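Q: sequence unknown, structure follows:
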């Protein structure tokens, strides 16, 4: 396929080749590439009126001196694995919050799967490593995501109104997987004090849960134990456990 216009099918074809005056650099780390191969691929571009536009993008391929891998050179107008120009991807995302993926696919003459992938990749890039901040109050609800009684758990930060996560199913396990993601972040932290705190929480998690559940502490039993020790000392050391038991019951009855 060479450059030209197909009026019958309303298609425009262009060709773009690297400028040999510039050295090829890695698309991932921008390291220098030792070229040993050439290739090309067809990518889509922004439609011109009602004509679809396609570009045969020529590229150089070789060994990256920094990555140590066989890589494709960096092209400013597209990205590795993206079957379209960067400006077409941006054009797809521009009306994304006002139009559905189906509406955009019809407008641009692209398949729904292509539009969805561009949108998904952009969202993943923006929110894949989202900073959850320090939510204090979380609310949990369930939604049906399809017919057949399939549900998901929605977790919301009440104070900010942000959706923090949507977990599969509506079981205790699905909610616990979300909570565990936080303790795991703490354990893998580079800050020693945070790792130590997380380890302490793990060791005492049962007692923390019990306190949150029943609002009680062991303070009362610790106080009574100290008084029983005083009873034992006053009696010059009681070796008969049954006798000590009866004294204690009598004292606190």
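A: Sure, I can see it. Worth saying up front: this structure is predicted, and the values here are computed from it rather than measured.

Q: Just confirm residue 139 is within a strand.
A: Yes. Counting by DSSP: H, G, I helix; E, B strand; the rest coil, residue 139 is located in a strand.

Q: for the protein, what's the longest strand?
A: strand 33-48 (DSSP state E).

Q: Quick one: list the elements packing against that strand.
A: Applying 3 or more Cβ pairs under 8 Å, 6 or more residues apart in numbering; DSSP states H and E, we find strand 33-48 packed against strand 51-64, helix 86-93. Where C-beta positions appear, they are placed from N, C-alpha and C, glycine not excepted.

Q: will you turn these into TSV that also has distance to residue 15, mean pLDDT and mean neighbour count?
A: Below are the helices and strands packed on strand 33-48 laid out as TSV (distance: least, Cβ to Cβ, whole Å; pLDDT from 0 to 100; neighbours: other Cβ atoms under 10 Å):
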stretch	distance to residue 15	mean pLDDT	mean neighbour count
strand 51-64	5	93	18
helix 86-93	17	89	18
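
Q: mind listing what the residue found closest to residue 41 once you drop the neighbours it is linked to in the chain touches?
A: Nearest non-adjacent residue to residue 41, counting by Cβ to Cβ, 6 or more residues apart in numbering: residue 57, 5.7 Å away. Taking Cβ atoms under 8 Å, 6 or more residues apart in numbering, we find residue 57 in contact with 16, 40, 41, 42, 43, 75, 77, 78.

Q: Spell out for me the PyMOL command that would select the buried members of the residues you listed.
A: Entered in PyMOL, the line below selects the buried ones among the contacts of residue 57, by 16 or more other Cβ atoms under 10 Å:
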select buried, resi 16+43+75+78
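
Q: Could you single out the nearest of the contacts of residue 57 to residue 138?
A: residue 78 (41.1 Å; Cβ to Cβ).

Q: and that closest one, what helix or strand is that in?
A: In this structure, residue 78 is located outside every helix and strand according to DSSP states H and E.

Q: Please report how far it lies from residue 233.
A: 83 Å (Cβ to Cβ, to the nearest Å).

Q: if I pick the closest residue in space to residue 67 that isn't next to it in sequence, what's in contact with it?
A: Distances taken as Cβ to Cβ, 6+ apart place residue 29 nearest to residue 67, at 5.4 Å, with adjacent residues excluded. For residue 29, the contact set (Cβ under 8 Å, 6+ apart) comprises 64, 66, 67.

Q: and residue 29, which of the three is it?
A: In the three-state summary, residue 29 is assigned as coil, counting by three-state DSSP.

Q: Could you report the pLDDT at it?
A: Reported pLDDT at residue 29 in the predicted model: 90.

Q: Kindly calculate the angle that the longest strand of the chain makes with strand 51-64.
A: Orientation check (axes from the mean of the first three to the mean of the last three Cα atoms, to 10 degrees): strand 33-48 against strand 51-64 gives 170 degrees.

Q: Can you tell me what sits against strand 33-48?
A: Residues outside strand 33-48 that contact it (Cβ under 8 Å, 6+ apart): 1, 12, 14, 23-26, 52-65, 71-73, 78, 82-85, 87-88, 91, 108-110.

Q: And residue 229, how far from residue 220?
A: Remark: distance between residue 229 and residue 220 (Cβ to Cβ) = 15 Å.

Q: next one: residue 179
A: Distance from residue 179 to residue 220, by Cβ to Cβ: 30 Å.

Q: Give me the angle between the longest strand of the chain and helix 86-93.
A: 40 degrees.

Q: now strand 33-48: mean pLDDT?
A: Rounded mean pLDDT across strand 33-48 is 92.
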